[in-house]
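Engineer: attaching a predicted model along with its sequence, questions to come.
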Amino acid sequence: MKQTSTRRALITSLTLTLSLVAPAAVSAHAQREHLTPEEVELVRDNQELEKRTGVFVKAVERRMTALGVAQTAAPQKGEKADKDAEKWGVLPPSTRAQLLQDIAKILDEASLNIDDASLHAEKSSQIPKALRRLAAACTRLLPQLTAMRDTTKDDAEREWLERAIETSQEVVAALDKLPAETKK
C-alpha cells in the first residue's frame, strides 16, 4: 500500500514537472520568423521576381534602421510611420543578434529566390533585374555591415553578421557574371 502511494506521488510529481517544463522547452526551440506576417504577405503577393526582391530589400533596410546603422532611410515619424507599420508590420522587440539573424536570413531567402528562378526560367528577363536590385542593396549594406565587425563582441551576433556579409559578397560577385545591361 505504501509503495503504491509513493509510486503515485512520484508519477504525479513527474507529470507536474513535465507539464511545466515541456512548454518552456518547446518555446525555447521555436524558430524565430525573420519576416513579419505582413512582409510574408507582401512576398506572397509580389509574384514578379524584381518586386519580390524589392520587398526583401525593404525588409533588410527596416532591420538596419532598427539597429541604428541604416544610412538608406531616414527615421519615420507620425502618419508615414503608421502607414509603413500597417503595410509592413511592426518589428517585434529584438536583440541585436536577432536583428542580424533576420538580415542574414532575409538576404539568404532573396538570393535563393533568384537562384530558384534561374533554375526554372533561365532566360527570364526578371532574373538580371532582380539580381541587380539585390546587388545594389548589398553594395550599400556591405560597408555598414563590415563596420559593425568592430562593435560585435557576442558570438551569436558575430556569426549572423558574418553570414550576412558573406551572402552580400556572393550577391555582388554574382552581378559580375551578368552581361552588361543594355539600354532600350
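Structural biologist: Sure, I can see it.

Engineer: going forward, measure contacts and count neighbours with C-alpha atoms only.
Structural biologist: Fine.

Engineer: low-confidence regions, the protein specifically.
Structural biologist: 1-30, 70-82, 181-184 (pLDDT under 70).

Engineer: for it, just list every one of the helices.
Structural biologist: 2-29, 37-45, 49-67, 78-88, 96-120, 126-147, 155-175 (DSSP state H).

Engineer: and these, which is most packed in?
Structural biologist: Comparing the helices of the chain by mean neighbour count (mean count of other C-alpha atoms under 10 Å), helix 49-67 comes out on top with a mean of 21.

Engineer: other SSEs contacting that one?
Structural biologist: When contacts are defined as 3 or more C-alpha pairs under 8 Å, 6 or more residues apart in numbering; DSSP states H and E, helix 49-67 sits against helix 37-45, helix 96-120, helix 126-147.

Engineer: and the last one, C-alpha only, in CSV?
Structural biologist: Meaning helix 126-147. Output of helix 126-147 as CSV, limited to C-alpha atoms (Å, rounded to 0.1, in the frame of the first residue of the first chain):
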residue,chain,number,x,y,z
GLN,A,126,13.4,39.2,-64.4
ILE,A,127,16.5,37.4,-63.2
PRO,A,128,19.0,40.1,-64.1
LYS,A,129,16.7,42.9,-62.9
ALA,A,130,16.2,41.2,-59.5
LEU,A,131,19.9,40.4,-59.1
ARG,A,132,20.9,44.0,-60.0
ARG,A,133,18.4,45.3,-57.4
LEU,A,134,19.6,42.9,-54.7
ALA,A,135,23.3,43.6,-55.6
ALA,A,136,22.7,47.4,-55.3
ALA,A,137,21.3,46.9,-51.9
CYS,A,138,24.1,44.6,-50.8
THR,A,139,26.7,47.1,-52.2
ARG,A,140,25.1,49.7,-49.9
LEU,A,141,24.9,47.3,-47.0
LEU,A,142,28.4,45.9,-47.1
PRO,A,143,30.2,48.9,-45.7
GLN,A,144,27.6,49.2,-42.9
LEU,A,145,27.8,45.5,-42.0
THR,A,146,31.6,45.5,-42.2
ALA,A,147,31.9,48.5,-39.9
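
Engineer: same for it, what does it pack against?
Structural biologist: Using 3+ C-alpha pairs under 8 Å, 6+ apart, helix 126-147 sits against helix 49-67, helix 96-120, helix 155-175.

Engineer: any chance of those helices in JSON lines, with distance to Arg32 too?
Structural biologist: Below are the helices and strands packed on helix 126-147 laid out as JSON lines (distance: least, C-alpha to C-alpha, whole Å):
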{"stretch": "helix 49-67", "distance to Arg32": "14"}
{"stretch": "helix 96-120", "distance to Arg32": "8"}
{"stretch": "helix 155-175", "distance to Arg32": "14"}
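
Engineer: so who does the closest residue in space to Arg132 that isn't next to it in sequence touch?
Structural biologist: Using C-alpha to C-alpha, 6 or more residues apart in numbering and skipping the chain neighbours, the partner closest in space to Arg132 is Leu175 (6.6 Å). Shown in contact with Leu175 (C-alpha atoms under 8 Å, 6 or more residues apart in numbering): Leu131, Arg132, Ala135.
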